[in-house]
Each structure stands twice: as C-alpha cells, then as structure tokens.
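>>> build me a model from this:
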Amino acid sequence: MTFSKKIGSVAGATALSLFAALPAWAQDAAAPAATVDKGDVAWMMTSTILVLAMILPGLALFYGGLVRSKNMLSVMTQIGAAACLAMLIWVMYGYSMAFGPDYTSGLSNFVSTFDKAFLKGVTPASQAATFTAGVEIPEYVFISFQMTFAAITVALVLGSVVERIKFSAVMVFAAVWLTITYFPIAHMVWAASGYFFKAGALDFAGGTVVHINAGVSALVACLILGKRIGYPKEPMAPHSLTLTGVGTGLLWVGWFGFNAGSALEANGSAALAMINTFVATASGGLFWMLAEKLNGHKGSALGFCSGIIAGLVAVTPAAGNSGPFGAIILGAVASIVCFYAVTVLKPKLGYDDSLDAFGIHGIGGMIGAIGTAIVYSPAFGGPGAEDYAIGAKLLVQIEAVVVTIIWASIGTAIAIFIAKAVTGLRVSQEVEYEGLDLGEHGERAYNQ
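The predicted structure is shown next:
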C-alpha cells in the first residue's frame, strides 16, 4: 500500500514535465481530468468501516476474552479509548506528518511537514491519488481509511500490557507513541518521499507499519512494565474463549477492508488481496492446530484463533503482492513459527507478553514482510516481472524490518518512560488483585 503522493510526486512529476513542454494552446486540450469513480469511493468507505469493526468490537472482544473476567472491561475500554485518541491526533497532525507536503531537506525521508495540520486546505472537493493515473478518491476518504490504521496499531500494542497498566498511562503512552513511532514509520514505508518507499520495499497493507511496529513495541512495553503478579506460576486462563472466537471472526471479516481496501480501488488488485486474505488465513488456522497435534497437544479453539490471526498478519504485506498459493505457504509458515514463538520462546525468555502481541504480530509480521520478497516472484505465482530478482528485494525487505524494529524499540521506550513519569504507569497491587474493571473504572463486566 502506497498512497496519496505516489502519483503526485513520482509519475505526476514526469507527466507534468512532459505537459509543460506542450505549446500553450495544446495544454488545455491535453490535460487529463482526474476521475472519481463512485464504485471506488463506495468500496473505500466500506473498507474504512470494516477496519473500524476490527477495533470495536473485533479486537476488543478478541483481547477481552483472553484476560481474566475481572479485567474484561478494562481491556475493552483501553482499546476503545486509545483508538479514539488516535483518531483525534490523526486529524490534528498525524495525517500531515505521514502524508503531508514534503520538507525540502532529507528529513522528507522520515516525516512530512505540519502544513496539513488540522487538515488545513482539505475540502470535500480535495482528491487523493490511487495507483491508477487519473483515478482518484476524495481526500477525506483516504484520510479516514488511514486513520483507522493508526487507531488499530496502537490498540494492538496494548495486548502485552493488559491487566496491570493504568488507564491514564495508556492514554499518555498512545499519544507519544503515535507521534514518534507510528507516523514516521508510516511515512517511510507508504509515502512516495519515504525512505523505504523509494527503496522499493513491499508492504501492501502494513506488515512493517502495523504488525512489526506494534509487536516489537508490545515486547518492549511489557519488559519495562514488568510481569503480572503471580506470572507464570498462577493460572491465568482466558475467561471466555467464546468471546475470543467471536472477536476472531470479526477481525477476519474486517481484515478484508484492511487488505483489499489497500488497493485504494475496486479492481483486480483488490480481488487478489481478497482471495489471499481468505486462503492465507485458512492455512494459518489449520496449521497452528496441526502444530499443536504434532507437539502432543489437542487441537484447541485458542490455537485455531491464534493461527487465524497469524495467517492474517503474515499475508498483510503480501496481500496484493502474492499469488494465492504463495499466500497459503506464507500463512502456514507464519503460523508454525508463531506457535513455537508463543509456546517455546516466550516461556524460555520469561517475559510476560499477556496476549502474545509480540509472538503473533511481531514474529508473524517479520515472516510476512521478509516472505513477501519471495512470494512476489512469478515462480511462486506472484505478480512480479519475469526478470524479478528475489535476492535484491530480500535485502530491501530485511532492511525495512530491521529499521522498523530499531525505531519501534527506541520510540516505545521513550513513550513508556514518559507515561511512567506522568502517571506512575502501573496500578497498585491492590487494584491488580481486585481487577482493573473495578479498580480503574468502577464497573464489573459481569453482575450476577
């Protein structure tokens, strides 16, 4: 996924130079009128709402079902409030930082100017370019679509720190983290002037920007915050796998907006992303259960849900950059590796990533981002040219992954320590024992 500035600053620059060479009388006749297709607009508005459904209720139910019942409402409230804060910050200055006018210096590799802060200059008539020259969508639709990506990414990070972080700390962390971590990475990967976009990195819908970013940030955050009281000696089983199952289904449905919507048009690219979002996810769900069976366990509902998410995460950067069979392989590999990250790596290292945000989103995102360089090849049914070189693209993808890991780690550490200085970060032992529903919000999820 690359966005509003792709045509305007790359293909558009070439077109304008040719256009300027025409005689004055011919310029008016030659100027192509940008078209806004109602079908594209309707699809993008639908996709935007689908991504919102991934957050509320999808992620809220998925994460909420995985915690103990005394913390159910706190998780849903943290996710909803952090997402709302992200939306407000996005229209205040986030959109401008990620996709606004460029700096004239090398800073444009990493961030845009604040010239579109508070959506300055954007009107119902403003348009944003798609991937097809001369085809555009209303800029407000593009802004809204991208806004939901920022909102869900910061919400994903919270999966590692639930059941012990203060609500006030979540809000401070979210504001700082979005500013210094999410917006610059989104610009680097998706804006035409961004460092990794210019390097040719493949990230159709957010393998680096969303999943590696959120997963690595989740690991850093939980390491700084510390373990839950009693972890890992006391049982902390999910209180409702039924709700987690419902959340999983909503996430899968919403992910079609996430992936297929990233084509920015209702076209063949969206169709490719759609079928890949079906088959990679199906592969991920089944292969996680197979991994459980081969390791002496019963195929579980929790494993199925985890595999579904692992498949979705892995296919995100490859959604429009892979053939269906490549997507199946990617989903299977990611699911198996994520299974071992959650069941072997995490216990050995001893960190308390409450809901395995790093084990699934971080690890799965890395596999997806690097694997995209492979499945993009026509040898695997991908859309790459016949002379496509896997090795060269692998180096670009690995560089993007490494820089994202470093940037997210540093940004998260800064954001967490600021939140700690302002709020104290962690709830008291009494509140943690009692549950954050009552201790932080004065409510219970379930009243008998």
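>>> which stretches of the chain have low pLDDT?
Counting by pLDDT under 70, the chain has low-confidence residues at 1-33.
>>> max-length helix in it?
The helix of greatest length in the chain, counted in residues with DSSP state H as the criterion, is given as helix 390-423.
>>> so how far is the very next helix or strand once past it from its chain's centroid?
Note on helix 390-423: by DSSP states H and E, the next helix or strand toward the C-terminus is helix 429-434. Going by C-alpha atoms, centre = their mean, to the nearest Å, the spacing between the C-alpha centre of helix 429-434 and its chain's C-alpha centre is 32 Å.
>>> what sits up against helix 429-434?
Residues outside helix 429-434 that contact it (C-beta atoms under 8 Å, 6 or more residues apart in numbering): 70, 163-164, 228-229, 439-440. Heads up, the C-betas are built off the backbone N, CA and C, glycines and all.
>>> which residues touch the residue nearest to the spatial centre of the chain?
Averaging the C-alpha coordinates of the chain gives a centre point, and the residue nearest to it by C-alpha atoms, centre = their mean is residue 210 (2.5 Å). Residue 210 is in contact with 149, 152-153, 156, 316, 361, 365, counting by C-beta under 8 Å, 6+ apart.
>>> swap the cut-off to 6 Å and go again
Remark: with contacts taken as C-beta atoms under 6 Å, 6 or more residues apart in numbering, residue 210 is in contact with residue 153.
>>> that one and residue 253, how far apart?
When C-beta to C-beta, to the nearest Å is applied, the distance between residue 210 and residue 253 equals 17 Å.
>>> extract the CA atoms of stretch 52-66 and return them as PDB.
Backbone C-alpha positions of stretch 52-66 (Å, rounded to 0.1, in the frame of the first residue of the first chain) are rendered in PDB as follows:
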ATOM      1  CA  LEU A  52     -13.200   0.200  12.400                       C
ATOM      2  CA  ALA A  53     -15.100  -3.000  13.100                       C
ATOM      3  CA  MET A  54     -11.700  -4.800  13.600                       C
ATOM      4  CA  ILE A  55     -11.100  -2.500  16.500                       C
ATOM      5  CA  LEU A  56     -14.600  -2.200  18.000                       C
ATOM      6  CA  PRO A  57     -15.900  -4.800  18.500                       C
ATOM      7  CA  GLY A  58     -13.300  -7.200  16.900                       C
ATOM      8  CA  LEU A  59     -10.100  -6.600  18.800                       C
ATOM      9  CA  ALA A  60     -11.900  -5.600  22.000                       C
ATOM     10  CA  LEU A  61     -13.700  -8.900  22.100                       C
ATOM     11  CA  PHE A  62     -10.600 -10.900  21.000                       C
ATOM     12  CA  TYR A  63      -8.300  -9.400  23.600                       C
ATOM     13  CA  GLY A  64     -11.100  -9.100  26.200                       C
ATOM     14  CA  GLY A  65     -12.000 -12.800  26.100                       C
ATOM     15  CA  LEU A  66      -8.300 -13.800  26.700                       C
END
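>>> returning to that earlier point: reformat the contacts of helix 429-434 as JSON lines; add secondary structure and neighbour count.
Compiled in JSON lines, the contacts of helix 429-434 are given as follows (DSSP: H, G, I helix; E, B strand; the rest coil; neighbours: other C-beta atoms under 10 Å):
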{"residue": "70", "secondary structure": "helix", "neighbour count": "20"}
{"residue": "163", "secondary structure": "coil", "neighbour count": "22"}
{"residue": "164", "secondary structure": "coil", "neighbour count": "23"}
{"residue": "228", "secondary structure": "coil", "neighbour count": "20"}
{"residue": "229", "secondary structure": "coil", "neighbour count": "11"}
{"residue": "439", "secondary structure": "helix", "neighbour count": "19"}
{"residue": "440", "secondary structure": "helix", "neighbour count": "21"}
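>>> of those residues, closest to residue 417?
Minimum separation from residue 417 among the contacts of helix 429-434 (C-beta to C-beta) is found for residue 164, which lies at 16.7 Å.
>>> shouldn't the closest one be in contact with residue 228?
Yes: counting by C-beta atoms under 6 Å, residue 164 sits close enough to residue 228 to count as a contact (5.3 Å).
>>> may I see the buried residues of stretch 47-60?
Neighbour counts using 16 or more other C-beta atoms under 10 Å place 47-48, 50-60 of stretch 47-60 among the buried residues.
>>> how about stretch 240-255?
Across stretch 240-255, burial judged by 16+ other C-beta under 10 Å covers 240-241, 243-248, 250-252, 254-255.
>>> ok, now stretch 293-310?
302-310.
>>> and for stretch 409-418?
Applying a neighbour-count criterion of 16+ other C-beta under 10 Å, the buried positions in stretch 409-418 are 409, 411-412, 415-416, 418.
>>> if we can go back for a sec, would you turn the contacts of helix 429-434 into JSON lines with distance to residue 216?
Listed next are those as JSON lines, based on distance: C-beta to C-beta, whole Å:
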{"residue": "70", "distance to residue 216": "29"}
{"residue": "163", "distance to residue 216": "21"}
{"residue": "164", "distance to residue 216": "20"}
{"residue": "228", "distance to residue 216": "21"}
{"residue": "229", "distance to residue 216": "25"}
{"residue": "439", "distance to residue 216": "29"}
{"residue": "440", "distance to residue 216": "26"}
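>>> check the separation of the first and last residues in stretch 91-104.
Using C-alpha to C-alpha, to the nearest Å, the end-to-end distance of stretch 91-104 comes to 23 Å.
>>> list the buried residues in it.
By neighbour count with 16+ other C-beta under 10 Å, stretch 91-104 contains the buried residues 91, 93-100, 102.
>>> next up, the contacts around residue 60.
For residue 60, the contact set (C-beta under 6 Å, 6+ apart) comprises 76, 79.
>>> separation between it and residue 246?
Distance, residue 60 to residue 246, using C-beta to C-beta: 11 Å.
>>> element containing residue 277, please.
The secondary structure element spanning residue 277 is helix 268-294 (assigned by DSSP H and E).
>>> which residues are contacting the helix or strand following that helix?
The element immediately downstream of helix 268-294 (helix or strand, assigned by DSSP H and E) is helix 301-315. By C-beta under 6 Å, 6+ apart, the list of residues contacting helix 301-315 from outside reads 211, 241, 244, 248, 255, 276, 280-281, 283-285, 288-289, 292, 327, 330-331, 334-335, 338, 360-361, 364-365, 367-368.
>>> could you give the number of residues near residue 125?
In terms of burial, residue 125 registers 9 neighbours under the definition other C-beta atoms under 10 Å.
>>> stretch 63-81: end-to-end distance?
Here the two ends of stretch 63-81 are set 15 Å apart, with distance taken as C-alpha to C-alpha.
>>> would you map the strands across this structure?
When assigned using DSSP state E, the strands of the chain occupy the ranges 35-36, 127-129, 135-138.
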